[in-house]
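# the following comprises the amino acid sequence and a computationally predicted model.
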Amino acid sequence: MNADGRRTEDALELLSAPAEWDLPPERHLHHKDVLMQQIDHDLGHAPTAAPVRPPRRRLTRPAILVPLASTALAAALAVTLTVSGTGHGPAPADRAAIGSARAQSASVTLNRIAVAAMASDVTPVRDDQFVYVRSLAVSNKGTFEGPVVLGAPHTVETWTSQDPRPLKTTGWIRESGKDAVMPDETIPIESTDAVPAGIDHPTYTWLSSLPTNPDTLLARLRRDVRVFDGESREQAVFSLIGDLLSETLMPPQNTAALYKAAAKIPGVKEIPDAVDVAGRHGIAITREDPSSATRDEWIFDKHSLAFLGARGFITHDKQKGITSDTLTGSTAVLQRAVVDGHGEKSAGAES
C-alpha cells in the first residue's frame, strides 16, 4: 500500500472512532477538516465539507454584575500606554506584564463565573431525556493545501441522549441554511463501539458524580483526557473542560468546580472583548497552545457571565502561509433546553 493509501485508511479509521464527537467544536472542526480534505486529496475527489461538531452549549445564569478587568490588568495597560508611545507596540517587558496581568485576571474572572454558576437554577435531567441545543456556527470549507475559507453562518440543532447505558448512537444533529452539512436532515451521532456514560458520553448523572474539589477534579481530568497528536496535555484538558461546560447540563456545584479547575491551568488568559458568530460581544477566556499552533476561546456575557459561544484559531502554519491568529470556526449558542425525545424542540424554539 502506498503512503497516500495508508493516510486515507488511517483517516477513515479516525473518522469512525468513538472520540470523533468528543472534541470541543473548534478542535473538532480543525481535525475533521484536515481528515476529510486528506481523504479527498488522496482519492482525487472534489473538496468535501466537514461535518460540524455539536456546538458548545450555554448554561443559563443569573445576572451578576462584575468588573471586567482586574486592577493589575488596568495598571499593566496604563504602563504600556505610557512607555510605548512610539507607536511600535509595547516593549518585551511590557508585553510580559500584560500577559501576567491577563493570566491573573483570567483566574479572578473564572472564579467569579464559578460564583455565578453556584447561583444558577438547573433542573435535574432524567436518564430518558435529551439535552436540546440550537446554535449558529461557521466552519472552514477551504481545500487541504489552501488557506482557511469560512463558510456562511448556519443553524445547528443537537439532541444529546442522557441514557447512561453504553450506546452507539449518543445523539442526533440537524443543520439548516447555506453551507450546512446535509441540510434539514436529522443525522445520528454514532460511534463504532458502544460508549458508556463518561468523558466520551457525558450525561447529567455522570457529571453529577465528578469531584467538586477543583484540584481533585483537575487531577482526574488530566488522568483521563485523550491527548491528540501535537497537542499538549494542558490544552487537551482546557478543551475538555470547555466541552463539558458548554455542551451539557449539570448541577451548579459541578459547573463551578470545572470553572475553578480551569483557572488552575497554566497559560489561561483573559481577553476584555471578543465577539461570537452571532455578533454578541463578551469577555473571553483563552489559551494558546504552542505545541499544536492553536488557540481556543470561551466567550461569556460581560454582565451575566452566561456562556455565549466559542472560537478556534490557528496561530501559525507555514504550509498555508499563516503567521498570525486565523479564525477556523466559531459557534454561538442561541438556546438550550431539556426535551423528552430527539427531534423535539422546546417552547420558544424557532421552527
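Nice, I can see it. Numbers count the residues shown, from 1 in each chain.

# against Val181, how distant is the residue nearest to Tyr204 when sequence neighbours are not counted?
Closest residue in space to Tyr204, ignoring its immediate chain neighbours: Val125 at 3.9 Å, by CB to CB, 6 or more residues apart in numbering. Every residue, glycine included, has its C-beta placed from N, CA and C. Remark: distance between Val125 and Val181 (CB to CB, to the nearest Å) = 27 Å.

# how about Val237?
Taking CB to CB, one finds Val237 at 29 Å from Val181.

# and what of Glu344?
From Glu344 to Val181 the distance is 21 Å (CB to CB).

# so for these two, which sits in the more crowded spot?
Taking neighbours as other CB atoms under 10 Å, Glu344 and Val181 compare with Val181 leading, 18 against 14.

# show me the helices in the protein, by range?
Applying DSSP state H to the chain gives helices spanning 3-15, 25-43, 71-83, 92-118, 204-208, 214-224, 233-247, 252-262.

# those: lowest mean pLDDT?
Ranked by mean pLDDT, the helices of the chain end with helix 71-83 at the bottom, a mean of 35.

# what's the separation between Arg126 and Arg226?
28 Å.

# equivalent analysis for Gln335, please.
29 Å.

# try Ala197
Taking CB to CB, one finds Ala197 at 16 Å from Arg226.

# so those two - more neighbours on which side?
Ala197 (22 against 15).

# dump the residue contacts of the more buried one.
164-165, 203, 205-206 (CB atoms under 8 Å, 6 or more residues apart in numbering).

# what's the nearest residue to His201 if we skip its chain neighbours?
In space, and not counting its chain neighbours, His201 is closest to Val195: 4.4 Å by CB to CB, 6+ apart.

# who's in contact with the one you found?
By CB under 8 Å, 6+ apart, the neighbours of Val195 are 18, 166-168, 170, 201.

# just the C-alpha atoms of stretch 283-303, please, in CSV.
Extracted C-alpha coordinates of stretch 283-303, given in CSV (Å, rounded to 0.1, in the frame of the first residue of the first chain):
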residue,chain,number,x,y,z
ILE,A,283,-15.4,38.7,27.8
ALA,A,284,-13.2,35.8,26.7
ILE,A,285,-11.2,33.2,28.5
THR,A,286,-8.5,31.8,26.1
ARG,A,287,-5.5,29.5,26.0
GLU,A,288,-2.9,29.3,23.2
ASP,A,289,-1.1,26.0,22.7
PRO,A,290,2.3,26.4,21.0
SER,A,291,2.5,22.6,20.6
SER,A,292,-0.4,22.4,18.2
ALA,A,293,-0.3,26.1,17.0
THR,A,294,-3.9,26.6,18.0
ARG,A,295,-5.8,28.9,20.3
ASP,A,296,-9.3,28.3,21.9
GLU,A,297,-11.7,30.9,23.3
TRP,A,298,-14.7,30.7,25.5
ILE,A,299,-16.9,33.8,25.3
PHE,A,300,-19.1,35.0,28.2
ASP,A,301,-21.7,37.7,28.6
LYS,A,302,-19.9,40.7,30.3
HIS,A,303,-22.7,41.2,32.8
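
# pLDDT (mean, whole number) over it?
If you average the pLDDT over stretch 283-303, you get 94.

# can you tell me who Gly198 pairs with across the strands?
His201 (DSSP bridges).

# wait, it sits on Thr205?
No - at 10.9 Å, Gly198 and Thr205 do not qualify as touching, with contact defined as CB atoms under 8 Å.

# and Asp179, how many neighbours?
Residues near Asp179, counting by other CB under 10 Å: 17.

# with Thr169 instead?
Thr169 has 14 nearby residues by other CB under 10 Å.

# contacting residues around it?
Contacts of Thr169 (CB under 8 Å, 6+ apart): 161, 188-190.

# Ser291 now?
230-232, 235.

# may I see the ChimeraX selection of the buried members of the residues you listed?
Per 16 or more other CB atoms under 10 Å, the buried members of the contacts of Ser291 correspond to this ChimeraX selection:
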select :231,232,235
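
# got a markdown table for the contacts of Ser291, with distance to Ala257 too?
Output for the contacts of Ser291, formatted as a markdown table (distance: CB to CB, whole Å):
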| residue | distance to Ala257 |
| --- | --- |
| Gly230 | 29 |
| Glu231 | 23 |
| Ser232 | 22 |
| Gln235 | 20 |
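
# what residues are bridge-paired with Val131?
Under DSSP bridges, the beta-bridge partners of Val131 are Thr160, Val338.

# from Asp276, how far off is it?
For Val131, the distance to Asp276 equals 20 Å [CB to CB].

# again with Asp243
Going from Asp243 to Asp276 by CB to CB gives 17 Å.

# ok, Gln162 - contacts?
125-131, 203-205.
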